[in-house]
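Enquirer: Return a 3D structure for these sequence lines:
(chains A and B)
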Amino acid sequence: MASTSTSSALSPLYESKFFFSTFTFPRKFTFPLKLLKSSIQTPKVLQPQVSRKTVSSSKSKLWVNPKSPRASELKRKSYDFRYASLVKVAQSLDSCNAVQEDVFNVLANLGDKLVEQDVVVTLNNMSNPETALLAMEYFQQRLKFSKEVIVYNVILKVVRKNKDFGKAEKVFDEMIERGVKPDNVTFSTIISCARQCNLPEKAIEWFEKLPSFECEPDDVTYSVMIDCYGKAGNVDMALSLYDRARTEKWRIDAVTFATLIRIYGTAGNFDGCLNVYEEMKVLGVKPNMTVYNSLLDAMGRARRPWQAKNIYAEMLSNGFQPSWGTYASLVRAYGRARYSEDALKIYKEMKEKGLELSVVLYNTLLAMCADVGLMDEAFNIFEEMKASGCQPDSWTYSSLITIYSCSGKVSEVESTLNEMMEAGFDPNIFVLTSLIQCYGKAGRIDDVVRTFDRLSDLGLSADERFTGCLLNVLTQTAKEDLHKLTICLERANPKLGYVVKLLLDEEVVEEEGVFKKHAAELLDSVTTDVRKAYCNCLIDICVNLNQLERACELLDVGLTLNIYKDIMSRNATQWSLHLKSLSLGAALTALHIWMNDLNKALESGEEFPSLLGINTGHGKHKYSEKGLAGVFESHLKELNAPFHEAPDHAGWFLTTKVAATSWLESRRAQEVVAS
DNA sequence: CTAGGGTTAG
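Expert: Presented below is the predicted three-dimensional model:
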């Protein structure tokens, strides 16, 4: 009843392409009750307003001026109504059996007077390609399309939603068979389908087909293709398309620029990202959210949190509200760069806005906490994560275990490990690495060995980091327990095992230079990112075993292989020793060598500069109770050395030419007396 | 929302 009075009241709008007077409630209503209810509610709201207005009109009871605001409102409302109904039909079709009879039955509810727009709207709202193809048959039997290509294009969209590229190609073939000529939209839809199916080479193949169907790529085709070439790793091709689009004067809009920024970001060309951004502004294109989010993401990858911060500020000042993606990029940018305060602030803001974090974001935060040693924060985030219903994964547990391990919290590590295994995750290499570290710190060597054995039980093999942690345990282990660990070490990396064996086995007598040769070979064989750690550990072991000569040999190897760079420097006013990133043993060894050099200089009558300095770095690493600076301060005192920490330069120990000279001379005098 | 491009990552 509502529907009849509505139609008659609106009948003057009948001709409008937006108005569908043919739509009445289906007689054989087969939709689920839920859909039926909401369909009925719409006209209820519409109907009384319309009749009141038309009745009160003095000139005509039925006619509303189609150009008046009132009319356009009615148009919109009636269209909304029709649109909502078509969406319901689309939903019914999605869940209906993919057999012709069922599909046709659902469609019969649309009535006989179908227009092309109905077809497009219905299909466009579908996600089931099987029933969509059957629905298309229904429409093809009943309608003569003025632009059949549009119907195929919409079907291609449905196919794309299902990421079924093979089916997209089939639909295309069918289209050609029926004599329907494809257009740019057809191609850009197929191409983007290939892209979403991770088939960038297919996308390129289809892009190259365009001319043979008398199609010329336009701005959208270029945009999709730029993205495809970027995804296929063909950055040059992507950029040359961009150039072509530019010279052919295609309108290049913000989305395309965002795509370019993403391509540069993925390729690691971060200045390229910023250049594109500048170029875009020069061309007068206003950045949108996509552009900002791509830029923020790129700056995160680039580890340039300060630039992310600036871009974010600009985004806010241009009146944009951060989206989920914005926050995600910021968490990543700040988290990876260890800007923990900024990252936690973003986290807080997300919570306040009720935005849900994904497991990846939680893991980013937890990994950051692990990096900077925020144990309590990590615990809280982990609890909040679980409370929010986000399921922790192996990364989550791995970060937590790392945090507890670095602080030597054995019982927390073990309970987290249990929780992890109860959740169905076997320990992975990261977890085992942390366990080794934790047990090593706690002096539980048998547990270290047991953990090492678990590696092969779980079908894993030691990687360089794992082996490095094992080596690090040796630097903290009493001499009598070392043999237990060298067995593991030999199994993990025979070359390394042999070098350590040479250090421990006092009975091995070897020729001059043999140790150095093996050490150099070993360090050369591992990747650059663990070289320094290995070398530091080996020197520490030497120092612990009081093998200062070997320590010097190793430091020398480290200098030759460029593992340690610019440790000693001299300029007109200051000679310096730079110990940042050296382990304590390596730093002490370097100091020893430096002092020898100073002695030699003194002996040869070389003039000292006015200042001599040792830079330990103020790196108060969160996990070591005393940084290198603290340990060095007491060591220098023991040596009676006149170096004192500079009050305005944390981590710098300085002395004057006069003090240094007299100190070195007095040491030499003592040595003479002693011998 | 009305035939085509981006957006959720380690």
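
Enquirer: the strands in chain A, which residues?
Expert: Across chain A, reading from the start of the chain, the strands by DSSP state E fall at A:568-570, A:574-578, A:611-615, A:644-645, A:652-656.

Enquirer: Between strand A:611-615 and the last one, find me the angle.
Expert: Between the axis of strand A:652-656 and that of strand A:611-615 there is an angle of 160 degrees, by axes from the mean of the first three to the mean of the last three CA atoms, to 10 degrees.

Enquirer: I'd like the distance from strand A:652-656 to the chain centre, please.
Expert: The gap between the average C-alpha position of strand A:652-656 and the chain average comes to 43 Å, counting by CA atoms, centre = their mean, to the nearest Å.

Enquirer: Run through chain A and note the low-pLDDT ranges.
Expert: Low-confidence segments of chain A, defined by pLDDT under 70, are located at A:1-76, A:507-509, A:619-626.

Enquirer: domains of it?
Expert: In the assignment given by automatic domain parsing, the structural domains of chain A cover A:1-105, A:429-560, A:568-674.

Enquirer: okay if I get these as a markdown table plus distance to A:K163 and mean neighbour count?
Expert: C-betas here are computed from N, CA, C, even on glycine. Formatted as a markdown table, the domains of chain A follow (distance: least, CB to CB, whole Å; neighbours: other CB atoms under 10 Å):
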| stretch | distance to A:K163 | mean neighbour count |
| --- | --- | --- |
| domain A:1-105 | 16 | 15 |
| domain A:429-560 | 32 | 18 |
| domain A:568-674 | 45 | 16 |
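
Enquirer: Point out the residues in the stretch 351-500 of chain A that sit beside DNA strand B.
Expert: Within the stretch 351-500 of chain A, the positions near DNA strand B by CB under 7 Å from any atom of the strand are A:358-361, A:363-364, A:393, A:395-396.

Enquirer: need the contact list for the most centrally placed residue in chain A.
Expert: Per CA atoms, centre = their mean, the C-alpha nearest to the average position across chain A is that of A:R332, at 6.5 Å. Under the criterion of CB atoms under 8 Å, 6 or more residues apart in numbering, the neighbours of A:R332 are A:297, A:300, A:361, A:364.

Enquirer: The first one touches A:S329, doesn't it?
Expert: Yes. Shown here, A:D297 and A:S329 form a contact pair, counting by CB atoms under 8 Å, at 4.4 Å.

Enquirer: excluding its backbone neighbours, what's nearest A:G497?
Expert: A:E490 (2.9 Å; CB to CB, 6 or more residues apart in numbering).

Enquirer: Would you mind confirming that A:A343 is in contact with A:A328?
Expert: No. Because the distance of 11.5 Å does not satisfy CB under 8 Å, A:A343 is recorded as not touching A:A328.

Enquirer: The residue nearest to A:G497 and A:L582: what is the separation?
Expert: Distance from A:E490 to A:L582, counting by CB to CB, to the nearest Å: 27 Å.

Enquirer: what about A:K113, neighbour count?
Expert: 11 (other CB atoms under 10 Å).

Enquirer: That should have said A:E356, apologies.
Expert: A:E356 is surrounded by 11 other residues when neighbours are defined as other CB under 10 Å.

Enquirer: Kindly report the same for A:V359.
Expert: Residues within reach of A:V359, counting by other CB under 10 Å, total 14.

Enquirer: now the closest residue to A:Y397 other than its chain neighbours: how far from A:Y229?
Expert: Distances taken as CB to CB, 6+ apart put A:M420 closest to A:Y397, at 3.8 Å, once the chain neighbours are dropped. Here the criterion is CB to CB. By it, A:M420 lies 41 Å from A:Y229.

Enquirer: same deal with A:V106?
Expert: Between A:V106 and A:Y229 the distance, using CB to CB, works out to 42 Å.

Enquirer: before we move on, what about A:D173?
Expert: For A:D173, the distance to A:Y229 under the criterion CB to CB works out to 26 Å.
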